[in-house]
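**Student:** after the sequence you'll find the predicted model.
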Amino acid sequence: MPVSGLSGARADEPAGEPTRLIVGFSPRNVGSAVAEEAHDEAGGDVIERSRVAGIEVVEVDDAAEAIEAYDDQPGVRYVEVDRRVKAFTNDPYYSQQWNLQPLSDSNKGSANVEPAWGRSLGREVVVAVVDTGVKKGGTDLDAARVLQGKDFVNGDDDADDDNGHGTHVAGTIAQSTDNGRGVAGVAPDARILPVKVLDSFGAGFLSDIVEGIAWADSQGADVINMSLGLYEYSDALCQAVWTAYQDTVVVAATGNDGAGLVSYPAACPGALAVGAVRYDGQRTEYSNYGVEMALLAPGGDMTVDQNGDGYGDGILQQTYEASWGYRFYEGTSMASPHVAGVAALVIGADPDAWKYAEKILTQSARDVGDPGWDEESGFGIVDATAAVDLAVQWSDGAGEGYWIATEAGQVRAFGAAQGLGSSASRGSKAKLVAVEETPSGNGYWLLDVDGGVHAFGDAAYKGSLTELKAQGKAPAGVEAIDISSTPSGQGYWVLDAVGGIFTFGDAIFYGSVPGLRATGTQIGSEPVVDLASTPTGRGYWLLDRAGGMFAFGDASYYGSVPGLRAEGKSIGPAEIVGMAPTADGFGYWLVDSAGGMFAFGSAPFYGSIPGLRAAGTNVGAVTVVAMEPTASGAGYWIVDDRGGVFTFGVAPYHGSLPDSGVRGKAVGIAPSYKS
């Protein structure tokens, strides 16, 4: 396929030539008998194969007939026309927008936006720009894509920009692109909702900002960008952010003082705090940083010309300062809208992705600085192409396969999950109690009853309870029962049998069941059975065998099995064995040993094993040991102690331990997103 750059715009196919199709398989099936059989049935002649991409390119005479035939073949993930793609973009000043161009050995600070345009342009995604307003009359921002806004400074409905800052920010997000004029924007098909909360001097009252956030949320904004801030904490501001966060992606700038202090609202819970990088990928000297840091994005550095275009390396957009023009700005104010724009691309690729956009943006970021999350760079530099790719992948359910682990230390890979190893293969005799996938889904940790941690794939080893015991830092007889990763994958929490928490790597201690007892909190005697961290990594839940829930840090309580009983609900006698949070962190599922499911908060109910029986499905007696949601939260797997797998919602079935001939007691399932 001739490509000089990716674009949503397509040239016509040449007449009289066979049609090229892209046929998607799992990587292990590329070139296999499964693929050959599919081609034979559909009449496709293979001209290219890529195991890395998981595709085979074929030529066919009748595209419609072949596509229908491929759709009926087992093992085919998707089929589509291999269209010609033209270079993006014809905007004359695009050559100076290093911040959007593909990554290179020298351009390490780009948001890598251009390659993402072939999969998403952010179509119809509404991005609220809470700023100085957006100026009308520009030639490079489609007026039809700017919605009716609100002016909280002057108290009217005309959110006109009398400063220039907000218009520049809006341009970064959605400047008209490939229109033969000026410059490009990150998400050119997104819609801009102007919310004026700052005056002509770029200043405003806190109350106007609070009202502006609430109004943008009420208007159905998918993303809210705030390139503004102050250093004093505000209950009103952070409450507005938290409320908006329930159904909106909230993005804000960290500040421009080069200080180790993130400004508000970026520091508010629920906001993605964005700092700035320059062309070479280094954090700029002016960019603030701190414990709330989430991401870096291009903010520019006008003091250098690292890309050699004869201009300081700022962020170029059209704006209005006494007259219209294309101007370079720099600052975390410019970095934040890059992330807002990428969020729009993600939601454009998968409309449900707003629920887990933060997870997609942070997990797909390019790690810089210290490995994993750190205060100076957060999770790394936002990467539009990686983020959109991950959104598309997750929209199908939860990746390509899963691992199932047994008490004896065996790990079996299913689907496209790779066999990475087991504790048994390393000679460990200790009984396994838990398996936990890495945030990328390309590795896992195994936890044994003694507290030993075994890392495989891209899982980072950060210590173990066994080591703490040897150092006299943990009771010798304590048993481990669960492990949960931090969002960065550079740390984890280990839970012991009495509800104690041990932290490793970048995991932070927020509390424990013994700690609650020490403060006089009345807690029952039921043993703790599970641990799950919040999506932000700033809190976690503990679950006891009766279905009681304990929330620490930013984890919220949404209900419990004892609570349901108190409401008069009929609950069976089966013990509660596991839990998992939703992708947005605003709910969770509990599962009992009979396969009954309990959904709280935003967690949807997709079915249960008793429900299968009630529907006439022949399901024998089972003892469930765990459940795991898909990455999107649109389904889940339930696993019994034999390693049998039951799928609900969009969760795909790839096999079970009985299918594979493995005998042994299963302890859990971990999804793999590797493709």
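**Tutor:** Thanks, I have it.
**Student:** where does pLDDT dip in this protein?
**Tutor:** 1-17, 27-28, 50-53, 83-89, 395-400, 673-675 (pLDDT under 70).
**Student:** and the spatially most central residue of it, what helix or strand is that in?
**Tutor:** Taking C-alpha atoms, centre = their mean as the criterion, I360 is the residue nearest the geometric centre of the chain, at 1.8 Å. Secondary structure from DSSP states H and E places I360 in helix 357-363.
**Student:** so after that helix, what's the next helix or strand?
**Tutor:** Immediately after helix 357-363, counting by DSSP H and E, sits helix 384-395.
**Student:** could I get the buried residue list for that next one?
**Tutor:** Using 16 or more other C-beta atoms under 10 Å as the test for burial, helix 384-395 gives A384, T385, A386, A387, V388, D389, L390, A391, Q393, W394, S395. The C-beta positions use only the backbone N, C-alpha and C, and glycine is treated the same way.
**Student:** Serialize the residues you listed to JSON lines and add fields for distance to E65.
**Tutor:** Converted to JSON lines, the buried residues of helix 384-395 look like this (distance: C-beta to C-beta, whole Å):
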{"residue": "A384", "distance to E65": "36"}
{"residue": "T385", "distance to E65": "33"}
{"residue": "A386", "distance to E65": "36"}
{"residue": "A387", "distance to E65": "36"}
{"residue": "V388", "distance to E65": "31"}
{"residue": "D389", "distance to E65": "30"}
{"residue": "L390", "distance to E65": "33"}
{"residue": "A391", "distance to E65": "31"}
{"residue": "Q393", "distance to E65": "29"}
{"residue": "W394", "distance to E65": "31"}
{"residue": "S395", "distance to E65": "27"}
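**Student:** tell me how far stretch 188-205 is from the chain's mean position?
**Tutor:** Stretch 188-205 has its C-alpha centroid displaced from the chain centroid by 27 Å (C-alpha atoms, centre = their mean, to the nearest Å).
**Student:** if we can go back for a sec, packing partners for the helix holding I360?
**Tutor:** strand 293-298, helix 332-349, helix 384-395 (3 or more C-beta pairs under 8 Å, 6 or more residues apart in numbering; DSSP states H and E).
**Student:** out of these, nearest to D161?
**Tutor:** helix 332-349 (13.5 Å; C-beta to C-beta).
**Student:** G427 - how many residues pack around it?
**Tutor:** 7 (other C-beta atoms under 10 Å).
**Student:** what of D450?
**Tutor:** Using other C-beta under 10 Å, D450 has 17 neighbouring residues.
**Student:** need the contact list for it.
**Tutor:** A430, L465, T466, K469, E479, A480 (C-beta atoms under 8 Å, 6 or more residues apart in numbering).
**Student:** surely the third one is in contact with V449?
**Tutor:** No: contact criterion C-beta atoms under 8 Å: T466 and V449 do not qualify, at 10.2 Å.
**Student:** list the contacts for V23?
**Tutor:** Contacts were defined as C-beta under 8 Å, 6+ apart; by that measure V23 touches A35, A38, H39, G44, I55, E56, V57, V58, Y70, V76, Y78, V79.
**Student:** just the element for it, please.
**Tutor:** Assigned by DSSP H and E, V23 belongs to strand 19-24.
**Student:** next SSE downstream of that strand?
**Tutor:** Next along from strand 19-24, by DSSP H and E: helix 33-42.
**Student:** relative to strand 19-24, how tilted is that following helix?
**Tutor:** Taking axes from the mean of the first three to the mean of the last three C-alpha atoms, to 10 degrees, one finds helix 33-42 and strand 19-24 inclined to each other by 150 degrees.
**Student:** what is helix 33-42 packed up against?
**Tutor:** Counting contacts by 3+ C-beta pairs under 8 Å, 6+ apart, helix 33-42 packs against strand 19-24, strand 55-60, helix 63-71.
**Student:** good, we can wrap up now.
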